[in-house]
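**Student:** predicted model follows, preceded by the sequence.
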Amino acid sequence: MGHGFHVLYRSGVNELALPRELAADLDVCVGLPGLLGVMPTMAEGPEDLDRVHELVAERERARGVPVGSLRFVPLVETPGAVLNARAVARAPTAALAEGESADVRAAGVFRDALLCRAAEAQGEGRRIAPDPGFVTPLAEGDLVLHSFARPLGVSANLALSTLFLVTHPIHFDHARFDLGEGQGIVVSGGLVVALTVAASARDLHEVLWEELLSADNIRPVAPTDTVGALTYVVGRRELEAPVGFEELTLRTLGVRGVTPSEHLAGVAVPRALLAETISRPSDYDRICREAGATCLEGKIVTQVTRRVIRALPR
């Protein structure tokens, strides 16, 4: 248990969970001094949180703790949870982890401080704004086909899995899961998001601030899979203060085995692929087939939405 929350790690809370193990886990933690809530693992829908709520309520009554005093912070860690993440988050018993609001406020203060320092540097004649030839102007509705594509690699995947304390063996146990050339090993979702963002970075220069709004992992990625990216500009506005900066809302698709600048040149990429509401791999494939973009069918691995602030060209 850390930060007042207990992780229900011994069993999941979905329909495949072992009720005896889940009950035993709750018997240990409910009523502990300083406990703020529990973190259910492998929740795949609101009904899973309802199941935990009933079990917790029984133990709260038995221990004289007010029913509803514990909060549930579900961990999204299975394919089913990813597909139903919004429904899980809307469950009346679900909550964000303590400290999230403070973290957001702190990030906002840091962003404002960066902008102020950049504006001061411009006023002092320092070279902040890039030359026009080094920055691609972007407008709302633009689609950028990025030229940078690379695999994470087996060694890097092992090193990062160790660094970030990844525990599921499918991410690193080559003796059990490697089917040959790294296939069968699954790169953890956060690293796939990072790989996708990195693939777009070379075409988005002079970024002063970057904020992740949402990210969905759509298909598994092996360490030897090459990942490229294409970015759609959802929105753009120039900041009123300080002047000389723009804010872009970007939606980036990570694609497996595709270098967009080469393989998608001349291809009419369907705008529907970049809708935020898509979550199922089959929906992405259906849109690709209907639009004739078969080169993308089965290739889309992640969707990342960000807000960035960057300096305008001089």
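**Tutor:** Noted; the coordinates are in hand.

**Student:** C-alpha only now, for contacts and for neighbours.
**Tutor:** Will do.

**Student:** show me the helices in the stretch 51-200 of the chain, by range?
**Tutor:** In the stretch 51-200 of the chain, the segments counted as helices under DSSP state H, counting those that start in this stretch are 79-83, 85-90, 100-123, 154-163, 174-177, 189-201.

**Student:** quick one: contacts of the fifth one?
**Tutor:** Helix 174-177 has contacts (CA atoms under 8 Å, 6 or more residues apart in numbering) with 170, 182, 184, 185.

**Student:** list the buried residues for stretch 209-221?
**Tutor:** 209, 215, 216, 217, 218, 219, 220, 221 (16 or more other CA atoms under 10 Å).

**Student:** same thing with stretch 20-36?
**Tutor:** Applying 16+ other CA under 10 Å to stretch 20-36 flags 21, 22, 23, 25, 26, 29, 30, 31, 35, 36 as buried.

**Student:** next one: stretch 294-302
**Tutor:** For stretch 294-302, by 16+ other CA under 10 Å, it's 296, 297, 298, 299, 300, 301, 302.

**Student:** what about the residues you listed, which are in strands?
**Tutor:** Applying DSSP state E to these, the entries found in strands are 300, 301, 302.

**Student:** ok, what's across the strand from the nearest residue to the first one once chain neighbours are set aside?
**Tutor:** Going back to what we said before, that points to residue 300. Take residue 300 and drop its neighbours on the chain: the residue closest to it by CA to CA, 6 or more residues apart in numbering is residue 255, 4.5 Å away. Counting by DSSP bridges, residue 255 is bridged to residue 228, residue 300.

**Student:** ok, now which ones touch residue 255?
**Tutor:** 227, 228, 229, 230, 296, 299, 300, 301, 302.

**Student:** at 6 Å instead, please
**Tutor:** Going by CA atoms under 6 Å, 6 or more residues apart in numbering, residue 255 touches 227, 228, 229, 299, 300, 301.

**Student:** likewise residue 158?
**Tutor:** Contact partners of residue 158, counting by CA under 6 Å, 6+ apart, are residue 172.

**Student:** quick one on the thing from earlier: could you identify which of the contacts of helix 174-177 has the most neighbours?
**Tutor:** The most crowded member of those, judged by other CA atoms under 10 Å, is residue 185 (25 neighbours).

**Student:** and that residue, how far is that from residue 219?
**Tutor:** According to CA to CA, to the nearest Å, residue 185 and residue 219 sit 13 Å apart.

**Student:** okay then, goodbye and thanks.
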